[in-house]
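**Q** One predicted model, sequence on top.
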Amino acid sequence: MWIEIYNWCVKQVRRFRAVPRPRGTVRLQITAVFCAFTILLLTVLNTYPVTSTRDAVIRDKEQSLTATAAVISSALAGLDSLNSENVNQVMEILDVSGVTRIFITNERCSVVYDTWGEMVGSNVAGAYPALENAMTGQMVFTSEYAHKQAFSSVAAVPVMVSGTIIGSVYLMEADTEQADMISGIQGRLMTMSVVLALIAIALSAAFASALTVRIKQLRKAVRVVQAGDYTHHIETRGSDELTDLGKEFNNMTDILRRTEESRRQFVSDASHELKTPVASIRLLTDSILQNENIDRETTMEFVGDIGESAARLQRLSEKLLDLSRLDSGAVRQEVPVDLSQAARKAVRMLAPLAAEKEVALTLDAPEPVHILAGEDDVSQILFNLAENAVKYNIPGGTVTLTVRKGARAMLTVVDTGIGIPEEDLPHIFSRFYRVDKARSREAGGSGLGLSIVRDAVDLYGGSIEVWPNHPRGTVFEVMFPVCEREI
Ligand SMILES: Nc1ncnc2c1ncn2[C@@H]1O[C@H](COP(=O)(O)OP(=O)(O)OP(=O)(O)O)[C@@H](O)[C@H]1O
Ligand SMILES: [Mg+2]
């Protein structure tokens, strides 16, 4: 049964949630829930004390009335039969007080005694149900409470002599005093409840509007940020969930602002980088076109320069495309790639450059070390790191690529080149960042290689670190999760 009740409740909550809400009903909902709760509380407050006091009064009356009736009954049990005379004598001796009316009947239900004197001699058979029950040997008590009037209580007991019923005692009591007390309590509770209800409604309305004011503030702030103002912050005070939401919102706008700033910076840097080769191509073509007497040798020299600028543009656009692909998080395909083999390929490709720079390029990769990655991305990582190590080196310098397998796959590129100043180390993975702009540009660099390396390493769950090599040069260390799959 409980499961059915639970299912029913869940269904109702779902139905309630599915109902489309008109605008601005949160405040109404909160106020309504508060009011319903207050009404429930006040109903309990109004009924429970009154009913429990009433029950206590009735219990008290039952005790006292039935005890009095029992005393009278046992006093009358000393008589053989009941008649007006002997009963009056007994009642005079007993001198019962505190009861509104007493009447006593004989075994034929004829009244032989009545404190009001009205019914003496009349037969009351069938007129009083309590009396009927008493004549069958039962002790009867009933009590009724009429609001703002009285407690009307009745007790009836048989008079028995040696197991024979010779009559009955019927006691009536109308208590207005206790009834007044209860209606007084009821009245005070009602007044108190009305005041409390008004306070609760006012407080719930105030609380609901305070809450919705904060929600409205948040909504306003969202719209401001939507319109493009990423500097907008909302004031956060207190420590409730809405404050937390406000803090999260501020964090989000900070992130958006930083993203927007870096996007602008990126666009401006990219255009700057593209501008230079494009400008030189234009300048060179203009020179060829406008100078009619230009000789073939100079023309060839200019065309060579144009080709170089075009190659530079091509490299730049390829790198930008790589970056944008890595940014989108799209993994081309993840296959087991042997780092050692990829390193061998990079060394092979860079051998002519190393020879030109008079740099000794060596590889220390004794065994295959497989990682799960995209083949092209791994080649990019190795090529960029090794190319930098060769490019930013000095004649007679060395570059060593090492591949090892431990808990993780490790690739180190150690060079004895010009090194990177300590203060530049935190920035070298930023886009378009170059330590020595002139030297890097001269070497055909755009400052994007290490950004691509870092993005690719991140994409495959790896990590990269850099530190100065002693006495000179730089060390790059890349770690990857090892591929456990059988090759
Ligand atoms: N091994 C190294 N030794 C010394 N400086 C280095 C080394 N590697 C990188 N750098 C410095 O860090 C900068 C950023 O390197 P990055 O590879 O990102 O760009 P780049 O080599 O200038 O251009 P490209 O986009 O062609 O790679 C370089 O300009 C260079 O100043
Ligand atoms: Mg580079």
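**A** Nice, I can see it. Ligands and ions are numbered 1, 2, ... in the order given.
**Q** on contacts alone, who are the packing partners of the strand or helix carrying Glu177?
**A** Glu177 belongs to helix 176-226 when assigned by DSSP states H and E. The criterion is 3 or more Cβ pairs under 8 Å, 6 or more residues apart in numbering; DSSP states H and E, and the helices and strands that helix 176-226 contacts are helix 25-76, helix 241-290. The way it works is simple: take the backbone N, C-alpha and C, and place the C-beta from them, glycine included.
**Q** can you tell if the next helix or strand after the shortest one touches ligand 2?
**A** What it means is helix 241-290. Elements were assigned by DSSP H and E; along the chain past helix 241-290, the next helix or strand is helix 296-327. No - Helix 296-327 stays out of contact with ligand 2 when judged by Cβ under 5 Å from the ion, the minimum separation being 9.4 Å.
**Q** In helix 296-327, which of the residues would be classed as buried?
**A** In terms of neighbour count (16 or more other Cβ atoms under 10 Å), helix 296-327 has its buried residues at 302, 305-306, 309, 312-313, 316, 319-320, 322-323, 325-326.
**Q** Partner strands of whichever helix or strand comes after that helix, with direction?
**A** Remark: after helix 296-327, the chain's next helix or strand is strand 335-338, criterion DSSP H and E. Strand pairing for strand 335-338, using DSSP bridges, gives strand 370-373 (antiparallel).
**Q** can I get the CA coordinates of the partner strand in CSV?
**A** Taking Å, rounded to 0.1, in the frame of the first residue of the first chain, the C-alpha atoms of strand 370-373 are listed here in CSV:
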residue,chain,number,x,y,z
HIS,A,370,52.8,2.6,-27.4
ILE,A,371,50.3,5.3,-26.5
LEU,A,372,46.7,5.7,-27.6
ALA,A,373,46.5,8.9,-29.8
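**Q** I would like the residues contacting it, please.
**A** Contacts with strand 370-373, where a contact means Cβ atoms under 8 Å, 6 or more residues apart in numbering, come from 334-339, 378, 409, 459-460, 462, 480-483, 485, 487.
**Q** How about the secondary structure of Tyr433?
**A** coil (DSSP: H, G, I helix; E, B strand; the rest coil).
**Q** if I pick it, what's in contact with it?
**A** Going by Cβ under 8 Å, 6+ apart, the list of residues near Tyr433 reads Asp424, His427, Gly447, Leu450.
**Q** separation between it and ligand 2?
**A** Between Tyr433 and ligand 2 the computed distance is 11 Å (Cβ to the ion, to the nearest Å).
**Q** Please name the nearest non-neighbouring residue to Gly449.
**A** Using Cβ to Cβ, 6 or more residues apart in numbering and skipping the chain neighbours, the partner closest in space to Gly449 is Asn384 (4.0 Å).
**Q** per-residue pLDDT, that neighbour?
**A** In the predicted model, Asn384 carries a pLDDT score of 95.
**Q** now Gly417
**A** On the pLDDT scale, Gly417 is placed at 94.
**Q** Can you pull the phi and psi angles for the closest residue in space to it that isn't next to it in sequence?
**A** The spatially closest residue to Gly417, leaving aside those adjacent along the chain, is Asn393, at 3.5 Å (Cβ to Cβ, 6+ apart). Torsion angles at Asn393 (phi, psi; degrees, to the nearest 10) stand at phi -120, psi -180.
**Q** Name all residues that make contact with Asn393.
**A** Applying Cβ under 8 Å, 6+ apart to Asn393 gives the contacts Lys357, Val359, Val399, Asp415, Thr416, Gly417, Ile418, Gly473.
**Q** Using TSV, lay out those together with secondary structure and neighbour count.
**A** Putting these into TSV (DSSP: H, G, I helix; E, B strand; the rest coil; neighbours: other Cβ atoms under 10 Å) gives the following:
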residue	secondary structure	neighbour count
Lys357	helix	20
Val359	coil	22
Val399	strand	27
Asp415	strand	28
Thr416	coil	21
Gly417	coil	22
Ile418	coil	17
Gly473	coil	21
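**Q** Pick out the most distant pair among the residues you listed.
**A** Lys357 and Gly473 (13.7 Å; Cβ to Cβ).
**Q** Report the set of residues contacting both of the two.
**A** Asn393, Gly397.
**Q** ok, now how distant is Gly307 from Leu283?
**A** Distance of Gly307 to Leu283, computed by Cβ to Cβ, to the nearest Å: 14 Å.
**Q** so which helix or strand takes in Thr362?
**A** With secondary structure defined by DSSP H and E, Thr362 is part of strand 360-364.
**Q** Buried residues in that strand, which are they?
**A** Leu361, Leu363.
**Q** Show me the shaky parts of the stretch 101-250 of the chain.
**A** 147-148 (pLDDT under 70).
**Q** Show me which residues of it sit near ligand 1.
**A** Not one residue of the stretch 101-250 of the chain sits near ligand 1, judged by Cβ under 6 Å from any ligand atom.
**Q** Where does the stretch 101-250 of the chain get nearest to ligand 1, residue-wise?
**A** Distance from ligand 1 to each residue of the stretch 101-250 of the chain (Cβ to the nearest ligand atom) is smallest for Tyr230, at 27.7 Å.
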